[in-house]
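K.L.:
Dropping a prediction and its sequence here:
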Amino acid sequence: MNDMSDDLRDRAALYVLGQLPPDERLGFESAMDADRELAAYTRSLDEAYAQRIRALPQLGPPARLLGRIESQIGRGAAAPVPQARPGGARTLWWLSAAAAAALALGGAFYAGRRTARPRLPLAVLVRLAPDSGTATTVQLHDPVGDDNGRFVELAGMAEALWQKPHEDYALYDPTTRQGFVGIRRLPPGPARTRYSLWLLDGASGRIRFAGEIPGDATKGGLFAFSVDSGAVTDAADVRFFVTADGPGAALNPDTGRVVLGQRHS
Amino acid sequence: MTVQGTRDTSEEADLLMKAGTGDTEAFRRLYSLMARPLFSMSVRILGNESDAEDAVQESFVKIWTHAGAYDPRRSLPFTWAATIVRRTSIDSLRRRGARAAAPGADDPGLEVAVDETVRASAEGHEAEEQARRRLRLAPDGPRRALELALFSGLTHSEISGKLKVPPGTVKTWIRRGLADLKEALHE
C-alpha cells in the first residue's frame, strides 16, 4: 500500500463513487486488473461506501412501490439487456437486424423517461469511411415525446440502413445520447484485440467513449450504444471512429489504432 | 470488528446476476434486501419521500434492465445498485432545479433530524449506529466533501467553490472521507 500514489488513491475513491469520466474509468479498471493491491484498496473503499449508505436513517419505501416497479417491468418496459463485459469495459449491445426490428416494432426502452435537455428534432447520420466522415442530419419525429419513443424510432432507421449493403455508419441522437452503429467488418488484429467506438465533438474537439464492441467484432454487426455525458456542441459536426487496442492495453482514443472512421474532423 | 461480515454480499450478487437473466423472483428478493437503504438514500438526496419513490422506481427498472451488465470484479452488488439510485436521484434533483432545497452536508439541522430518525428506527444495527457516530467524528473537511459528493449532486468544482478549497483538495478529501470511514468500520 505504501507504493500507491495519492493520485491513484484519489482516483480509487472517485471510481467507487462512479465519478470518473468513462475513459479514465476504463484505464483505472485496467490498472486494477494488473494490481491486486489497488483492487483490494478500491474494494475496501467500496465497502465503506456501502456502509455509509446503510448507515443512513432508515426509511421504508411505500408498500405499493414494488407493485409499481413490477407493473412497469411487466408491461415490457425494460427487458434485461444482454451486456457481456469482457475486461470489465462497457460493451455495446449487439443487435441482429431482427432484434432491432423487434425493438422498433414493439420495443420499449427507458420507458416513459424524458430527457431534461432540449429535444432536438433530429438525429445525426455519420458514414464511417476512410475518406469521408461527413455528418448529415435526419429528421426525428419523436411522436411520443420521450426517450423510449426516440430510441424505437432510431432503431427503425438503423435497421433500414442496415439493409443497404457495403456501408458502415453511426446513427446518433444528440438529445438522448443514444445511437446505433452498423459495422460490416473490421480488420482482424492479434488475438483478444479490443475494439472501441468513440464520439468526436468536432466543434469542441472533445472525444467521448461510446462503448466497446463485443464478441468477434471483425465480423461486424448492428450495435446500440450510449454516450455517458456531455452534450455535443454542434450536432452537425459529430464524428465517430473505431480504435483497436491490444489485450491489456488501456483504451485510449489518442493512441488506439483507428480502424474505421476518422479521429480528426 | 468487521461490519462487512454482517452482510451476505454473495447472495446479493447471485440475485443480481439471476435478475440479469430475467428471473423475476430473484429480482423481487433483491428488492426486499436493498429497497430500504436505497430509498433512504434517495430521500436524503431529494429531501422528500414522494420524489424518492419515483426515483427509486425508475432506478429499479434500470437495475432490472442492466443487471446483466453487473461485474462482481468491479463493485459490490449493493454499491452498483446504489450508484444507479444516486445518479437517478441527482438527475431528478437537477430536473426540478431545486438543488438548494435538498439538505446539504453542511446543514446544521440535518444531523439533528438524523438523530431523531435514528432513534425512531427500530431496525438500526449497532454497527451502523457506530458508523454514524464515527462519521461525525471524522475531520470536518473530508466528511463534508464526502457527504456533498454523495448526496448533493454538486460537481467537484462546485464542491470546491462551496468549501473554498482547490479541486485537487476536494478529491483528496473525498478519498480521506471514505478511508476514515473504512478505518472506523474496521476498528
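P.N.:
Received the coordinates, thanks.
K.L.:
got the buried residues for stretch A:59-72?
P.N.:
A:59, A:61, A:65-66, A:68-70, A:72 (16 or more other CB atoms under 10 Å in any protein chain shown). C-betas here are computed from N, CA, C, even on glycine.
K.L.:
Stretch B:12-21 too?
P.N.:
B:12-20.
K.L.:
avg pLDDT for stretch B:51-63?
P.N.:
Averaged across stretch B:51-63, pLDDT comes to 93.
K.L.:
hmm, I was thinking of stretch A:156-175
P.N.:
Computed over stretch A:156-175, the mean pLDDT rounds to 80.
K.L.:
buried stuff in it?
P.N.:
A:156-159, A:161-162, A:168-175.
K.L.:
and that stretch, how far apart are its ends?
P.N.:
When the termini of stretch A:156-175 are compared using CA to CA, to the nearest Å, they are 17 Å apart.
K.L.:
So that stretch, near chain B or not?
P.N.:
No: figure legend: stretch A:156-175 not in contact with chain B (CB under 8 Å from any CB of the partner chain); closest approach 14.5 Å.
K.L.:
who's in contact with residue A:210?
P.N.:
Residues in contact with residue A:210 (CB atoms under 8 Å, 6 or more residues apart in numbering or on different chains) are A:92, A:179, A:181, A:196-199, A:225-227, A:240.
K.L.:
follow-up on the earlier one: the buried residues of stretch A:59-72 in helices, which ones?
P.N.:
A:65-66, A:68-70, A:72 (DSSP state H).
K.L.:
out of the residues you listed, who's near chain B?
P.N.:
Okay, of those touching chain B (CB under 8 Å from any CB), that's A:65-66, A:68-70, A:72.
K.L.:
Quick check: closest non-adjacent residue to residue B:167.
P.N.:
residue B:160 (4.5 Å; CB to CB, 6 or more residues apart in numbering or on different chains).
K.L.:
and the one you found, what pLDDT?
P.N.:
89.
K.L.:
what's the burial count for it?
P.N.:
Neighbour count for residue B:160, taken as other CB atoms under 10 Å in any protein chain shown: 19.
K.L.:
Identify all contacting residues around the helix or strand it falls within.
P.N.:
With elements taken from DSSP states H and E, the one containing residue B:160 is helix B:156-163. With contacts defined as CB under 8 Å, 6+ apart, helix B:156-163 is touched by A:19, B:106, B:141, B:144-145, B:148-149, B:152, B:154, B:166-167, B:169-171, B:173.
K.L.:
same check, this time on stretch A:28-44
P.N.:
A:1, A:3-4, A:8-9, A:11-12, A:15-16, A:20, A:87-89, A:248-251, B:73-74, B:76, B:182.
K.L.:
how about a cut-off of 6 Å?
P.N.:
A:11-12, A:15, A:88, A:250, B:182 (CB atoms under 6 Å, 6 or more residues apart in numbering or on different chains).
K.L.:
Tell me where the stretch 1-150 of chain A has strands.
P.N.:
For the stretch 1-150 of chain A, the strands defined by DSSP state E, counting those that start in this stretch occupy A:93-95, A:122-127, A:135-139.
K.L.:
Figure out which of the ones you listed is closest to residue A:261.
P.N.:
Closest to residue A:261 of the strands of the stretch 1-150 of chain A is strand A:122-127 (CB to CB; 7.5 Å).
K.L.:
Touching that closest one from outside, list them.
P.N.:
A:135-138, A:140, A:169-173, A:235, A:238, A:240.
K.L.:
Tell me the one of these nearest chain B?
P.N.:
residue A:173 (17.6 Å; CB to the nearest CB).
K.L.:
Regarding chain A, what is its longest helix?
P.N.:
helix A:36-54.
K.L.:
For the chain, which residues score under the pLDDT cut-off?
P.N.:
Reading this off chain A. Scanning chain A for pLDDT under 70 picks out the ranges A:1-2, A:22-23, A:75-120, A:130-134, A:142-146, A:148, A:165-166, A:215-217, A:228-236, A:265.
K.L.:
The chain in question should be chain B.
P.N.:
B:1-8, B:97-139, B:185-187.
K.L.:
Buried deepest among the strands of the stretch 1-150 of chain A, which one?
P.N.:
Per residue and on average, the most neighbours among the strands of the stretch 1-150 of chain A fall to strand A:122-127, with a mean of 21 (mean count of other CB atoms under 10 Å in any protein chain shown).
K.L.:
Pull the distance from it to the chain's centre.
P.N.:
17 Å (CA atoms, centre = their mean, to the nearest Å).
K.L.:
hang on, the earlier thing: could you identify the most distant pair in the contacts of stretch A:28-44?
P.N.:
A:250 and B:182 (26.8 Å).
K.L.:
who's more crowded, those two?
P.N.:
Set residue A:250 next to residue B:182 and count neighbours by other CB under 10 Å: residue B:182 wins out with 19 against 16.
K.L.:
which residues sit in contact with the nearest residue to the more buried one once chain neighbours are set aside?
P.N.:
Computed as CB to CB, 6+ apart, the closest residue to residue B:182 that is not its neighbour in sequence is residue A:48, at 3.9 Å. The neighbours of residue A:48, taking CB under 6 Å, 6+ apart as the test, are B:178, B:181-182.
K.L.:
same check, this time on residue B:17
P.N.:
Neighbours of residue B:17 in contact, by CB under 6 Å, 6+ apart: none.
K.L.:
hang on, residue B:12 in a helix?
P.N.:
Yes: under DSSP: H, G, I helix; E, B strand; the rest coil, residue B:12 falls within a helix.
K.L.:
If I follow the layout properly, it ends up in contact with residue B:76?
P.N.:
No: between residue B:12 and residue B:76 there is no contact under CB atoms under 6 Å: 7.6 Å.
K.L.:
So which residue is smack in the middle of the chain?
P.N.:
Chain wasn't specified; assuming chain A. For chain A, residue A:226 is the residue whose C-alpha lies nearest the centre (CA atoms, centre = their mean; 3.5 Å).
K.L.:
actually chain B
P.N.:
Note on chain B: the residue nearest the mean C-alpha position is residue B:41, at 5.1 Å, using CA atoms, centre = their mean.
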